[in-house]
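# Show me how the following folds:
(one chain, ligands or ions: 1)
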Amino acid sequence: MRLLIMGAPGAGKGTQAAKIAEHYGIPAISTGDIFRANVRQQTELGKQVAQILAAGDYVPDELTERIVVDRLDQPDAADGFLLDGFPRTMHQVDALDDYLTERGRQLDAVLVLAAKPEDLIGRLLKRAEIEGREDDTEETIRYRMEVYQRNTKPLLDHYDQAGLLVRVDGLGTTDEVCERIFAALDAAVDGRAAAGNDDRP
Ligand code: ADP
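Residues are numbered from 1 along each chain as shown. Take a look at the predicted model:
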């Protein structure tokens, strides 16, 4: 299984990514986690990206793409992976497409954890209150939601045209959403195999 997971802030992406990876026996690869680990360990890469992360900006495409390619070339990702947080730009989309094409591989699905922005804003506000996070005001939460939608729209359109989008309702308990995801992914992949165009290696 070669998967991408996308979802707005608060959609529960991280939690579900871990469950999906375990279920299909594939590594969950989060670019955010990789960058944060490097910052913590003060590696060369970490020093390069620390300020960018602190400012909430995007790490340059070329650098991010190199990190992802190196990670996908590791043996544990040979038969499948779940990418979380990548791609985030059309440049990264193209880089991933090129990488997979060169190796004669294809994505199986792009999973979108869908939820109404209003529901997510409510959820994030409650979480901010419980955790006492003063920076998570309604205004900053709304801004992050807008940024996500603006930046993600062209990516979703691209994968929709490729017939890879699998939308799953992200509202409900963790287990409910998880069951929905497994069912939707299995149906999408089986459906493609039944249609006779599953000639992927
Ligand atoms: P969030 O906290 O919004 O879920 P992540 O944990 O995915 O974000 O990523 C944290 C930070 O790492 C981002 O704000 C960005 O600086 C950097 N980053 C992660 N993935 C990418 C990417 N694909 N392209 C550029 N920068 C990225």
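# And the residue of this protein closest to the ligand?
Gly32 (2.1 Å; Cβ to the nearest ligand atom). For glycine as for every other residue, the C-beta is placed from the backbone atoms N, C-alpha and C.
# That residue: helix or strand, and which one exactly?
helix 31-40 (DSSP states H and E).
# Residues contacting stretch 181-190, please?
Identification of contacts with stretch 181-190 by Cβ atoms under 8 Å, 6 or more residues apart in numbering yields 1, 3, 16, 19-20, 23, 108-109, 111, 113, 166-168, 198.
# swap in stretch 61-80?
1-3, 24-27, 29, 31, 34-35, 45, 48-49, 58, 81, 83, 86, 88-89, 91-92, 95-96, 99.
# from the chain's centre, how far out does the longest helix anywhere in the chain sit?
The residue-count maximum for a helix in the chain (DSSP state H) belongs to helix 138-161. Centre-to-centre, helix 138-161 and its host chain are 12 Å apart (Cα atoms, centre = their mean, to the nearest Å).
# Over to stretch 101-112?
13 Å.
# heads up, I number from 36, so please use that
With the count now opening at 36, the last piece we talked about shows up as stretch 136-147.
# what's the first-to-last distance across it?
23 Å (Cα to Cα, to the nearest Å).
# Check the residue nearest to Ala43 when sequence neighbours are not counted and give its pLDDT.
Taking Cβ to Cβ, 6 or more residues apart in numbering, and ignoring the residues beside it in sequence, Ala43 has Tyr183 as its nearest neighbour in space, at 4.8 Å. Tyr183 is assigned 87 on the pLDDT scale.
# Please check the contacts of stretch 216-225 and keep the buried ones.
Met36, Leu38, Gln51, Lys54, Ile55, Asp143, Ala144, Leu146, Leu148, Val201, Val203 (16 or more other Cβ atoms under 10 Å).
# circling back: near the ligand at all, the longest helix of the chain?
No - Helix 173-196 stays clear of the ligand (Cβ under 6 Å from any ligand atom), getting no nearer than 7.3 Å.
# what comes up buried for that helix?
For helix 173-196, the neighbour count (16+ other Cβ under 10 Å) marks Ile176, Arg179, Met180, Tyr183, Thr187, Leu190, His193, Tyr194 as buried.
# so after that helix, what's the next helix or strand?
strand 200-204.
# what angle do that following strand and helix 173-196 make?
140 degrees (axes from the mean of the first three to the mean of the last three Cα atoms, to 10 degrees).
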